[in-house]
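Peer 1: Let's see this in three dimensions:
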Amino acid sequence: MELIDVLANRWQGLQTREQKILRYSVVFLGLLLFYLLIIDPVYSGRDDAEQRLRSAQEAFSVAQRQAFDLKASSSNPGTSDSGSLLTQVESSAQQQGLRNALRRLQPSGNNQIQVSLEGASYDQLMQWLGNLHQQGVRAQRVDIQLDRKTDLLGVQLLLAR
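Peer 2: Residues are numbered from 1 along each chain as shown. As a prediction, this is how the structure comes out:
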């Protein structure tokens, strides 16, 4: 009780104007602490969760489009045995405007080739894979990474005839 008595005596010793200033200061500090400790963390957590949700939705959307397009391209096969697989893949990539995106073409086993692309657009990639499929070239393995800054793809493929 001594502390309360000491504080009460000090309060009584203050002028009316000083008591008003102190009251407003305490109310302001209380509101500031309430905002900093409760409101701000809630809103920033919500914003982070919304950003993670948007990112997951974009990735899911891209995956759905890829699955749909690959499924559609596998339903209309065609065959073509003209030239080597390496030449066929390279010339087809050039026709689709993906020549600059090609980073590596490496034969891998019997009638297989490993392909790496960087900076490929989604639409060009899907048209190219559909074109190859009509020529009898199938994608055995597809790994796709999306560069969120440029909206371009990095792609690793194993193609076979």
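Peer 1: For the helix or strand bottoming out on mean pLDDT in the chain, name the packing helices and strands.
Peer 2: The weakest-scoring helix or strand in the chain, judged by mean pLDDT, DSSP states H and E, is helix 40-74 (a mean of 83). In this structure, helix 40-74 makes packing contacts with helix 122-134, strand 138-147, judged by 3 or more CB pairs under 8 Å, 6 or more residues apart in numbering; DSSP states H and E. In short, each C-beta sits where N, CA and C put it, glycine included.
Peer 1: what is the mean pLDDT for the following helix or strand past the shortest one?
Peer 2: Think strand 138-147. Along the chain past strand 138-147, the next helix or strand (assigned with DSSP states H and E) turns out to be strand 152-160. Averaged over strand 152-160, pLDDT sits at 92.
Peer 1: got the buried residues for strand 152-160?
Peer 2: Of the residues in strand 152-160, those buried by neighbour count under the rule 16 or more other CB atoms under 10 Å are 152-155, 157-160.
Peer 1: Same check on stretch 84-97?
Peer 2: Counting neighbours by 16+ other CB under 10 Å, the buried set in stretch 84-97 is 85, 88-90, 92-93, 96.
Peer 1: picking up where we left off before, out of the helices and strands packed on helix 40-74, which is closest to Arg46?
Peer 2: Across those, the minimum distance to Arg46, taken as CB to CB, is reached by strand 138-147, at 25.4 Å.
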